[in-house]
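Undergrad: below is the sequence, then the predicted model.
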Number of protein chains: 2
Amino acid sequence: MLGGVADELFKALADPTRRTILDELADRSGQTLFEICGRLSMRHQLGISRQAVSQHLAVLEAAGLVETRREGRYKYHDLNTAPLRQITERWPEPEPEESTP
Amino acid sequence: MLGGVADELFKALADPTRRTILDELADRSGQTLFEICGRLSMRHQLGISRQAVSQHLAVLEAAGLVETRREGRYKYHDLNTAPLRQITERWPEPEPEESTP
DNA sequence: TTGATAGGCAAGTCGTCACTTGCCTATGCT
DNA sequence: AGCATAGGCAAGTGACGACTTGCCTATCAA
């Protein structure tokens, strides 16, 4: 139970920079590492090294939130929101109180 | 944007023990600190101190995931799943590709 | 009032994680 | 071939977070 697959998902979401990366991929899918670096520094004033972003992407990929496809020397990154559904499924909303008639 | 309110939510979910606490509160709402301690050690083999659980509950409460009500010397803890909706709202599912006819 | 129960506060330790630095591989252009 | 671009690997550092330990407050029962 503990140490399961969900661990990587929640760990990936824990970092604010990684969440911003997800935002950027939601805005424009299929970006390369350098494009993501550029948008993080331009639109979010994040002075961050390329390697740091690369490590973040690896964590996001391990969580299943980002999928990659290689073409030549480019590696494109796509957002996958499917794993997020585990969260709301794990703690479902309480059904409204029925006024037992 | 970074350092916003969402920070506390994702930070709270990042720890596996805290997620187990949410599981226990989903199973039975309105538990006290000592009840939660007991269930963590009995049902999850978690050898953890009372203070550690108390600190976890504080983090969960700061994230809005747990609400508390005091009665006499007892403090009851209730689960609130509402903040979880921020997550799926922030990264919505892509609408299916329309076959443009 | 005394003792027991339920919980809170604060400092200290230890491990994990984000980030950097430096070097290396691979693809494409000219 | 030669150079630039896109990306990967690995070790080192610094900070934050989880947990413990020790002591303190508050409520209730005898």
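TA: Received, thanks.

Undergrad: contacts, neighbours, all on C-alpha from now
TA: Noted.

Undergrad: can you give me the helices for chain A?
TA: A:6-13, A:16-27, A:33-44, A:50-62, A:85-90 (DSSP state H).

Undergrad: correct me, but A:Arg69 touches A:Leu79?
TA: No - judged on Cα atoms under 8 Å, A:Arg69 makes no contact with A:Leu79 at a distance of 11.6 Å.

Undergrad: okay, those two: which has more neighbours?
TA: A:Leu79 (26 against 12; other Cα atoms under 10 Å in any protein chain shown).

Undergrad: check that one and give its pLDDT.
TA: pLDDT recorded at A:Leu79 is 98.

Undergrad: how about the closest residue in space to it that isn't next to it in sequence, what does it touch?
TA: Distances taken as Cα to Cα, 6 or more residues apart in numbering or on different chains put A:Val66 closest to A:Leu79, at 4.7 Å, once the chain neighbours are dropped. Neighbour list for A:Val66: A:57, A:60, A:77-80 [criterion: Cα atoms under 8 Å, 6 or more residues apart in numbering or on different chains].

Undergrad: how near is A:Val66 to DNA strand C?
TA: Going from A:Val66 to DNA strand C by Cα to the nearest atom of the strand, to the nearest Å gives 15 Å.

Undergrad: cool, A:Thr68 as well?
TA: A:Thr68 is 15 Å from DNA strand C, by Cα to the nearest atom of the strand.

Undergrad: surely that residue touches A:Ala62?
TA: No - counting by Cα under 8 Å, A:Thr68 does not reach A:Ala62; the two are 11.0 Å apart.

Undergrad: related to what we said a few turns ago, can you put the helices of chain A in a markdown table and add mean neighbour count and distance to chain B?
TA: As requested, those are exported to a markdown table (neighbours: other Cα atoms under 10 Å in any protein chain shown; distance: least, Cα to the nearest Cα, whole Å):
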| stretch | mean neighbour count | distance to chain B |
| --- | --- | --- |
| helix A:6-13 | 21 | 5 |
| helix A:16-27 | 18 | 6 |
| helix A:33-44 | 15 | 9 |
| helix A:50-62 | 17 | 14 |
| helix A:85-90 | 13 | 7 |
